[in-house]
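Asks: Whatever this is, show me its structure:
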Amino acid sequence: MRRIFAILAITALSLTGCGSDDEPTAAEPEAPAATEPEAAPEEDSNGPTVELASTDLGDVLVDQDGMTLYMFVPDQQQDGTPTCYDECAQAWPALEGEASAGDGIDESMLGTVERDDGTQQVTYNNLPLYNFSGDESAGDTNGQGLNDVWWVVDASGEPIMKSGG
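Replies: Numbering: from 1, shown residues only. So this is what the prediction gives:
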């Protein structure tokens, strides 16, 4: 019986130091209140940025690295539902995450749509956006008009359906 009381006493003593309302000790420094609100903007900065860049096709949407963004006609025909998967997605990777608006972009036109794997794909004017693996440098538009289904997008959210680049 003494053993049970001893265990209870030790347990009670060890718990009295937890959750006290006393001021923090040197081992428990109080964190400045300003550090928590700053964490939210850091999360936003992890997503892509969509902006405008000038090309031979006019001003088109690009990502934060200046790589051209494209829309896919079958997505448009499916009311903005992504349809490029598997081998298609290897050549045309989806722009994923919560995007922020860069220069020349109407933030109200930016959005996301859920892909089959649960990731979020960036949309502009309800058009899912993709990069093209055949574009090697910022400003390349090598995917323009491929198979008459891949088109760059202008600032108004409309595909530019002309050859060039």
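Asks: just the helices in this protein please.
Replies: With DSSP state H as the criterion, the chain has helices at 2-15, 35-44, 73-77, 87-91.
Asks: Can you give the distance of the last one from its chain's centre?
Replies: Translated: helix 87-91. 19 Å (Cα atoms, centre = their mean, to the nearest Å).
Asks: Now do the same contact list for the residue nearest to V60 when sequence neighbours are not counted.
Replies: Spatial nearest neighbour of V60, excluding adjacent residues (Cβ to Cβ, 6 or more residues apart in numbering): V152 at 4.2 Å. Bear in mind the C-beta positions are built from the backbone N, C-alpha and C, glycine included. Taking Cβ atoms under 8 Å, 6 or more residues apart in numbering as the criterion, V152 is in contact with 55, 57, 60-61, 68-71, 141, 144, 159-160.
Asks: okay, now N46: neighbour count?
Replies: For N46, the neighbour count with other Cβ atoms under 10 Å is 8.
Asks: Look at it and report its pLDDT.
Replies: What the model reports as pLDDT for N46 is 80.
Asks: next one: G17
Replies: 41.
Asks: How about the contacts made by the spatially most central residue of the chain?
Replies: Against the mean C-alpha coordinate of the chain, by Cα atoms, centre = their mean, the closest residue is G97 at 1.8 Å. Listed by Cβ under 8 Å, 6+ apart, the contact set of G97 reads 46-48, 112, 120, 122.
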